[in-house]
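Please work out how this folds:
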Amino acid sequence: MPFQPLPGDQPSCTVQCPACGHRWLVYQQQLGLLGPCPVCGAARPRSMGSVVPGSGRQVSFGSFRSLLDEPRLLTLIGQALRLSPLDGERFVDAQGREVPLEDIHYALQGNAEWQGTLYNLHMSRAH
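Residues are numbered from 1 along each chain as shown. Got it, this is the predicted structure:
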């Protein structure tokens, strides 16, 4: 499932290719999911940090993964997406098909209410 930002979201992080040095802006929630450099095709880029204010409610994939032991996140995934946990980072739909964790993250980030809930969970753990 391709990443779809919310209308208020803005690219807010700079990444740099370790091979050619090319830099580009990405959305915060794409950190940890990025593929190869668009210029030279080298390995995953390095995050250089935030450079532009975003919506303030975006949660990176890495931060999302670190919340998977949070019962309130599991409840959100179950109620909002109708998915059940198998173990750790694996979820299934009602037909028993495994749903990629990246798709779950994208779905939660693509709905303003769910994104806000995820952000609040992240912030309650971060502070």
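
Correct me if wrong: P5 contacts Y27.
Yes. Taking contacts as Cβ atoms under 8 Å, P5 lies within contact range of Y27: 5.5 Å. Just so you know, the C-beta spots here come from the backbone N, C-alpha and C atoms, and that holds for glycine as well.

now the strands for the protein?
Using DSSP state E, the strands of the chain run over residues 13-16, 23-26, 46-50, 84-87, 90-92, 98-99.

Highest mean neighbour count out of those strands?
strand 13-16 (a mean of 18; mean count of other Cβ atoms under 10 Å).

Name the strands paired with that one and say parallel or antiparallel.
strand 23-26 (antiparallel), strand 46-50 (antiparallel) (DSSP bridges).

do you know how far the closest residue to Q58 other than its chain neighbours is from L34?
Take Q58 and drop its neighbours on the chain: the residue closest to it by Cβ to Cβ, 6 or more residues apart in numbering is Q28, 4.2 Å away. Shown here: Q28 relative to L34, a distance of 12 Å by Cβ to Cβ, to the nearest Å.

Which one of those two is surrounded by more residues?
Set Q28 next to L34 and count neighbours by other Cβ atoms under 10 Å: Q28 wins out with 23 against 18.
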